[in-house]
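Peer 1: here is my input, please return the structure:
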Amino acid sequence: MNKDITFTIKSIRLDENYQPSDSTRITTNFANLARGECRQQNLTNALTMIDNRFNALANWDNPKADRYHVELEIISVDLDIAGSGQAFPSIEVLKTNIVDRQSGERIEGIVGNNFSSYVRDYDFSVLLQEHNKDKPQFSIPDNFGELHGKLFKYFVDSATYKAHFKKPPVICLSVSDNKTYHRTENLHPVLGFEYQPSESSLTEQYFKKMGLAVRYFMPPNSVAPLAFYFFGDLLNDYTNLELISTIATMETFQKIYRPEIYNANAMAGRLYQPNLKNSDHSVTQIVYDREERSKLAVKQGKFAQEYFLKPYQSLLEQFSANYVL
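Peer 2: Now for the predicted structure:
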């Protein structure tokens, strides 16, 4: 069955002229920014924030804080099953590239960063909701996230992935607003202070099935920790510039999407519980429709159910049962 699953990778530049294609996941955060009358100003402001944050963190041999520029690519991964010729849009991630204006060098960054998936939309916004409908106590469906995790691991281990990217992905997400985080004494020069969560979250468990471990760090001059999901050794497998490209990109997006946490006016202390109702925060001059995104997650989860999970159910079950990395 495994040989019957093939992947195709497409790339488009995310710059101030970016316009989402008809096939892109419109719940993807950057696609949300790139629509409406403010689209170009949204993108220009966000990209400027990314460059400024990158240069603030990469401050050695950078006296004017303008040495580096971050280029972003949207990487779309289509999946074809059993030679059907019908490619299904499986995941979408971001790739960073770093331009050193001083040397003229273009440095490959990290792939991953933002993570969007139709099947994950189905799992969280359709399956999980239906499973818990009218139930007095929240529970998780059997085998929740198993298929998605195996498809993701199969992609990362594929020849297609390895032909395009030198290193495994790193995905950077917000912390959970229903967990408490404790600051440790572990301090990394770029990632900052490490935090430990009070308990595991459903997102952690879901990403673990994708083969990803997680660590939480609050970079210098940040106000809240970020969740870094990775394979291998996060601190030693990536250079400082690579890590900075992810921090600058994803912290900027989180300031836009979750200003209550990442643009708060007070910094996280030794014990930190994120609060999405925190009124003591600043907002960016960037328009983002959080409510629309939630509705679209349900819509796109149902799309995955109708056009991918149901038509190929037996083949996907066979793949999941036989999958060995």
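Peer 1: ok, then the element right after the helix or strand bottoming out on mean pLDDT in the chain?
Peer 2: Sorting the helices and strands of the chain by mean pLDDT, DSSP states H and E puts helix 29-33 at the bottom, at a mean of 55. Of the helices and strands lying after helix 29-33 in sequence (DSSP states H and E), the nearest is helix 39-57.
Peer 1: off-centre distance for that next one?
Peer 2: Helix 39-57 sits 18 Å away from the centroid of its parent chain (Cα atoms, centre = their mean, to the nearest Å).
Peer 1: in its sheet, what does the helix or strand just after it sit against?
Peer 2: For helix 39-57, the succeeding helix or strand toward the C-terminus, using DSSP H and E, is strand 68-81. Pairing partners of strand 68-81, with direction, according to DSSP bridges: strand 5-14 (antiparallel), strand 88-100 (antiparallel).
Peer 1: dump the ones you listed into a markdown table; add mean pLDDT, distance to residue 126 and mean neighbour count as well.
Peer 2: (C-beta placed from N, C-alpha, C; glycine too.) Output for these, formatted as a markdown table (pLDDT from 0 to 100; distance: least, Cβ to Cβ, whole Å; neighbours: other Cβ atoms under 10 Å):
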| stretch | mean pLDDT | distance to residue 126 | mean neighbour count |
| --- | --- | --- | --- |
| strand 5-14 | 91 | 22 | 16 |
| strand 88-100 | 94 | 16 | 21 |
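Peer 1: TSV for the ones you listed, including distance to residue 179?
Peer 2: Shown next, in TSV, are those (distance: least, Cβ to Cβ, whole Å):
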stretch	distance to residue 179
strand 5-14	30
strand 88-100	25
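Peer 1: how long is stretch 164-182 end to end?
Peer 2: Terminal residues of stretch 164-182 lie 38 Å apart, using Cα to Cα, to the nearest Å.
Peer 1: of the strands paired with strand 68-81, which is nearest residue 322?
Peer 2: Comparison of the strands paired with strand 68-81 against residue 322 by Cβ to Cβ identifies strand 5-14 as nearest, at 11.4 Å.
Peer 1: burial of residue 137, as a residue count?
Peer 2: By other Cβ atoms under 10 Å, the residues close to residue 137 number 5.
Peer 1: specify the residue positioned farthest from the middle of this protein.
Peer 2: Taking Cα atoms, centre = their mean, the residue of the chain most remote from its mean C-alpha position is residue 136, at 31.8 Å.
Peer 1: much appreciated, bye for now.
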